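here is a sequence together with a model predicted from it:
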Amino acid sequence: MKTFLRLAALVKPYFWWMALVAFIGFATTGSGIGLLMTSGYIIAKAALQPPMSALHLGIAGVRFFGLARGMLRYAERLLSHDTTFRILTKLRLWFYDAIEPLAPARLMHFRSGDLLQRVVDDIQSLENIYTRVLAPPLTALFVSALMWFLLGTYSLGASLLILFFHLLAGIGVPLLAMRLSRGVSVGIMKEKTAQQLLALDLFQGIGELQIYGKLPEHLEAMRTAEETKLRLQRKNALIDGLHESLTGLLMNGAVVAILWALVPAISTPGMNGISLTIVTLAVMASFEPFLPLPASLKHLEADTHAGERLFEILDAKPETTTPAAPLPFPKEPAIRAENLSFSYPGSTAKTLDGISFAALPGEHIAIVGPSGAGKSTITALLMRFWNTPEGSLTIGGADIERFDPEELRRNMALVSQRTYLFARTIRENLLLARPEATDQELKKALTAAGLGHFSSKLDEWSGQHGMKLSGGERQRIAIARMVLQNAPVMILDEATANLDGVTEKEVTETLATLGKGKTMITITHRLKAMDQYDAIVVLDKGKIAEQGRHEELMQGKGLYRRMWELQHTTELV
Amino acid sequence: MNIDRRLFQLLQEERAPFILSVVAGSISSVMLIGQAFWLSTIIDGAFMQKKGLGELLSPIGLFALFSTLRMLFNWASHGEANRGTVAIRKKLFSRLTGTIGSLGPVYARSVQSGRLSTTLLKGVEALDAYFSSYIPQIFLALFTPLLILAAIFPGDWLSGLILLLSAPLIPLFMILIGKTASAMTEKQWKTMSRMSGYFLDVLQGLPTLKLFAESERQRDTIEEAGETFRMATMRVLKIAFLSSLTLELVGTIGTAIIAVSIGLRLMDGQLTFQHALFVLVLTPDFFLPLRQLGTKFHAGMEGVSASKEIFEILDRSPAPFRETASSGGSAAEKSAIVFTEVTCTYPGAFRPALEGISFAIPTGKTTAVIGPSGAGKSTLVNLLLRFQEPAEGSLTIDGRPIHDTPLARWHEKISWVPQHPTLFNATLRENILLARHDASPEELQGAMEQTGLSEFVASLPDGLDTMIGEQGARLSGGEAQRVALARAFIKNAPFLVLDEPTSHTDPELETALRSSMEALMQGRTTVIIAHRLETIQSADQIVVLNEGKLVRCGTHDELLAAGGFYRDAMRLQQEEAA
């Protein structure tokens, strides 16, 4: 319920739109009732064989209601879709606003695109919260009120009777259906998750399953999950059918009850055969808006779950915040770590354990070590993705937490191992780094990054829907971004790890040229051209194993020397 | 490929519930007519004949009875259609998983990630609406209106004629408007998925946006894109919804015309009130199934387009292996495996992955396979593991074709340690015991010690019972390889296929993995895709592949003497080291 209220609060700005659509929905059903009532009026009146003129009103009525119903339905569908789209945009903005301060710390769990896709699907499914969840009961309520009013003009008893049957159809039957199907939707969702994991295991591990003779067993497990899901879905379908049938029965029950009440009263004042006909037909038509109620309950359950999942992601404190009085980025950005320690939330192991190093202005340093040594955590801390609770990390002598994270990121350019390209044009992907850059500047940056031939392709699409860029080209786009950003500090986090030997060499040279006169921190596990660095920090399991220049480290018999030998003497090139 | 015919075939296999569904649906329609008849009789009695409640008891009772029966049969009709659908879905799912399983890893890896699981998990489900709603509705949309016409005609042929003439308007409009509308709807769906793709893109790239301090500005872009999308879609929907407007109007105006025309004939005394009311009550029910067919058609079509992918996979079903009866104890451990003129081509590739490969794998010895990427090393391993069939040539063991051994039997003889082993969504223990469930605790302990897993397990919160895989603890590449090695120790098969790890960052890890691998290779017929000098030098035989061809085959010294790629690579190595 709490989740639902929070969700409802999100769509509150569209309250008047929704009210309008619900009203048109009600008017649509009302026209249907009107059409049957006036039709009934025509034939009942005609049966008494009055003069022709007596039918004029009825004929005008059927024409009006006949046309109105179609038109109103059309308007309702258009408006409800329009509202839905507005709500979807609103929901996306809401989610974006909420996740933005949490990124990327909270997005860490969404390493596989599949999971993030589910978040997007959840938001998408919430767009229907109005049309499928809120509107149907509202329309039913309006129609019930209308019937109560209409029948009240004939007989109070009849109006109370219809109210009773409407209550049963609108609340009793849905409650019954909800009771019967308790846990079914959740069960289906669970089976679906289980199946998804089993399917993922199958597609990735089919080779292992075959070799170890476990394929039949695994397929059997998938089929069992499918059967459980189907059994639950069948239960759901049967309950839906029951609900529909019960609503139909209630409609006919209401007809019998109304006849029972009104037939004896037929010659009393205010009640005659014509009224009896009209009222009976109206009662029959008034049950139409109760039919979509079970679906609306199901959507409510699904939406609540989707909402819960989203709130679970968003109900977290942002990892880093902007300080009240941020310092400007220093002119002489000496980066210094003193006794710096860090562990990721939920993990007891220290990823960084009391490390100290310094990169003075204009210096180029390298941080090396086996994978898992904690190298990339240093990047994450420098980029202010996480706070630094233990030890100190300073820039120009001031603690890193005293800067505005955005200001910091503008002044410390990063090229990492995986460059994300948005599914937009090359130009838009470059403009991220400097929104006001001219085409001329973009072309210059591309040339500097060794992508001169891309100068004519600024308007081509990259990423998922566009042209595919090779790993080398992606890294070069990242370098072009770095050129545009022209920040005093450059951080290269395994920037060339995914590249083949020749490209790696070229890109490294480009970066070295760019880095002249700037502070540069290179993080790498591949020991290539190491003599260019002013200092090399060797990390192992979160601790500093050794530190020094290439020649010094090679003279020792430490980790650095062993890594270098492993890479340069035992590997077949 | 005629989709409708294939879907119909599926339907035929589960005929009974669908026949029952249609029969129950038809009975329900008959009850509908009875219900309308008794209702009109009651009102006519009270209104025209001034009968009291007591005289109307039996028609009221009959009305209630018919209503109840109608609902029961209606429920039964849905229930039966659902039963048949569930059976079809179950069968289709089972066939699909079976096919994917027998197509093996080479196929699973060739398909874009996510597409297989969408087809398997969402595609089969999308067929639900086709079988449970659309198919029965086709029959009912024909039967119910005809039945109503038959009931109306005898008493009032003019109303019957009006309905008969207006009925075809519905399918006609549906076809006329439906064609343009469905093309537009499809376009709209594409924009819609582009739109949600756009949002996903922004979320995925959020860390990048933050790096460039651009995340705030992005907000406007989301809003703008949403607005553009909304306006574009609404333009489409304005036209697409015209079809439902038309259908609605045919129904309501049809009812209005009937009401007026029977009203006029009532005045002339050509009709009784009872029959007039009977016709009026049935008129909306005459149009309803036709209109429902429209909505159900759309739901059904979604399933049809999903089924294209399903049949595409089912049609790939590989030919069953020729398993000869005399295939009893083939003895992989005793004899050499011989490749004779083996050629292997992937669909769509411009040259064979392997071409005319001939060599023998000696029993109990180590064969190292080397070559640049794309040389055909993985294909060679795939052939040995029988994940793939050679297009030409033969693989024999002990002089007999490898295919004489049933696949499962063959796999019993092989252990495989891939470069990136799969960790299943289960506990670490289950992941290791995948190799043999009845392994003793001592064997498990031994395998863990030999692969250096014991130390790692001790650091885990739940030890061997820690969940790993997609939703569990993340293991590093080195740890995953240790698990794969432990599996191989436990399986203890005579034949071993290894893919040597290539990440050369951690000297300690490398040494540890290396010694585990050596222990494993001891006394087993081993084929290893090798990257390290030491491994290559100590192999009994080295196979050098390049661009799908076997360049050389021999010992380290023989190959050095022969020159070519091997010697060049060795020389480059020496230069790097210097």
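Structure received.

ranges for the helices of the stretch 251-400 of chain A?
In the stretch 251-400 of chain A, the segments counted as helices under DSSP state H, counting those that start in this stretch are A:273-285, A:293-314, A:375-382.

in stretch B:528-547, which residues are buried?
Judged by neighbour count (16 or more other C-beta atoms under 10 Å in any protein chain shown), stretch B:528-547 contains these buried residues: B:528-533, B:535-536, B:539, B:541-546. Where you see a C-beta, it was placed from the backbone N, CA and C, and this is true even at glycine.

which residues does residue A:261 contact?
Taking C-beta atoms under 8 Å, 6 or more residues apart in numbering or on different chains as the definition of contact, the neighbours of residue A:261 are A:155, A:157-158, A:161.

are any of the residues you listed buried, and which?
Burial by neighbour count, judged by 16+ other C-beta under 10 Å, picks out A:155, A:158, A:161 from these.

so what pLDDT did the residue of the stretch 301-450 of chain A found nearest chain B get?
Of all residues in the stretch 301-450 of chain A, residue A:370 sits closest to chain B, at 3.5 Å by C-beta to the nearest C-beta. You'll see residue A:370 listed with a pLDDT of 84.

that one contacts residue B:509, correct?
Yes: using C-beta atoms under 8 Å, residue A:370 makes contact with residue B:509 at a distance of 7.1 Å.

so those two - more neighbours on which side?
residue A:370 (25 against 22; other C-beta atoms under 10 Å in any protein chain shown).

list the contacts for the more buried one?
The neighbours of residue A:370, taking C-beta under 8 Å, 6+ apart as the test, are A:525, A:540, A:559, A:563, B:505-507, B:509.

pLDDT-wise, what's the bottom of those?
Looking at these by pLDDT, the weakest one is residue B:505, with 67.

show me where pLDDT drops low in the stretch 451-578 of chain B?
Within the stretch 451-578 of chain B, the ranges that satisfy pLDDT under 70 run B:470-472, B:502-505, B:572-578.

residue of it nearest chain A, please.
residue B:506 (3.5 Å).

so what does the closest residue to that residue other than its chain neighbours have for phi and psi?
Leaving out its chain neighbours, the residue that sits closest to residue B:506 by C-beta to C-beta, 6 or more residues apart in numbering or on different chains is residue A:370, at 3.5 Å. Dihedral pair for residue A:370: phi -60, psi 160, per degrees, to the nearest 10.

secondary structure class for the nearest residue to residue B:69 once chain neighbours are set aside?
Of all residues not flanking residue B:69 in the chain, residue B:31 sits nearest, at 5.0 Å (C-beta to C-beta, 6+ apart). Look at residue B:31: counting by DSSP: H, G, I helix; E, B strand; the rest coil, its state is helix.

so what's residue B:31 up against?
With contact taken as C-beta under 8 Å, 6+ apart, residue B:31 is in contact with B:66-67, B:69-70, B:73.

for chain A, state which of those residues is nearest.
Taking C-beta to the nearest C-beta as the measure, chain A sits nearest to residue B:67 out of the contacts of residue B:31, at 3.6 Å.

what's the local residue count around the closest one?
23.

and for residue B:137?
23.

then residue A:93?
Residue A:93 is surrounded by 15 other residues when neighbours are defined as other C-beta under 10 Å.

that one against residue B:220, yeah?
No: at 9.6 Å, residue A:93 and residue B:220 do not qualify as touching, with contact defined as C-beta under 8 Å.

residue B:92 and residue B:125 touch, don't they?
No: taking C-beta under 8 Å as the contact criterion, residue B:92 and residue B:125 are not neighbours in contact, 10.3 Å apart.

show me what residue 338 is bridged to.
If you meant another chain, say so; for now it's chain A. For residue A:338, the beta-bridge assignment (DSSP bridges) gives partners residue A:392.

actually it's chain B I care about, not the one you picked
In this structure, residue B:338 has the following beta-bridge partners (DSSP bridges): residue B:360, residue B:396.

pLDDT (mean, whole number) over stretch B:262-281?
Throughout stretch B:262-281, pLDDT has a mean value of 91.

swap that for stretch B:124-140, sorry
The predicted model assigns stretch B:124-140 a mean pLDDT of 90.

which other residues reach stretch B:154-169?
Contacts to stretch B:154-169, defined as C-beta under 8 Å, 6+ apart, come from residues B:145, B:148-149, B:152-153, B:250, B:254, B:257-258, B:261-262, B:265, B:271-272, B:275-276, B:278-279, B:283, B:286-287, B:290.
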